[in-house]
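A.B. asks: Show me the folded form of this:
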Amino acid sequence: MPDDPEFLRELEELREAFRAGLPGQLDAIRTALRKSDWAALQSLIHVLKGTAGSYGYPRLTEMAGNVEAELAARRFARAAVLCEGLILEALNALNAWVPA
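C.D. replies: Model (predicted):
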């Protein structure tokens, strides 16, 4: 399956869709942070954690997991600081990506 050209094409399309949606996700995360909407932030981070790893961004998944843990422990200030690092990492990933 990994050598199947159709599979690889579909996988790359999914990755491109993830990258295309990432700026909107980051905007939503920033909005939740600005409003101190911890429930919304937890939901957004949970989704990002799951999708990032699936599309080849394990560092984003790890960082999102750290934010999620802080939110679950109700350490909101620490979660906010970690979110800023997560946002920077996501932006770096987007800037480093070169379309095929």
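A.B. asks: ok, and L88, which helix or strand is that part of?
C.D. replies: In the assignment (DSSP states H and E), L88 maps to helix 76-96.
A.B. asks: mind listing what T51 touches?
C.D. replies: By CB atoms under 8 Å, 6 or more residues apart in numbering, T51 lies in contact with F18. Glycine gets a C-beta too; all of them are placed from N, C-alpha and C.
A.B. asks: In the helix or strand hosting it, which residues are buried?
C.D. replies: T51 belongs to helix 38-54 when elements are defined using DSSP H and E. Buried positions in helix 38-54, judged by neighbour count with 16 or more other CB atoms under 10 Å: 41-42, 44-45, 48-49, 51-53.
A.B. asks: can I get these in a markdown table with pLDDT?
C.D. replies: Converted to a markdown table, the buried residues of helix 38-54 look like this (pLDDT from 0 to 100):
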| residue | pLDDT |
| --- | --- |
| L41 | 98 |
| Q42 | 97 |
| L44 | 98 |
| I45 | 98 |
| L48 | 96 |
| K49 | 96 |
| T51 | 92 |
| A52 | 92 |
| G53 | 89 |
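A.B. asks: can you put the residues you listed in JSON lines and add distance to Q25?
C.D. replies: Shown next, in JSON lines, are the buried residues of helix 38-54 (distance: CB to CB, whole Å):
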{"residue": "L41", "distance to Q25": "11"}
{"residue": "Q42", "distance to Q25": "14"}
{"residue": "L44", "distance to Q25": "7"}
{"residue": "I45", "distance to Q25": "10"}
{"residue": "L48", "distance to Q25": "6"}
{"residue": "K49", "distance to Q25": "11"}
{"residue": "T51", "distance to Q25": "9"}
{"residue": "A52", "distance to Q25": "10"}
{"residue": "G53", "distance to Q25": "14"}
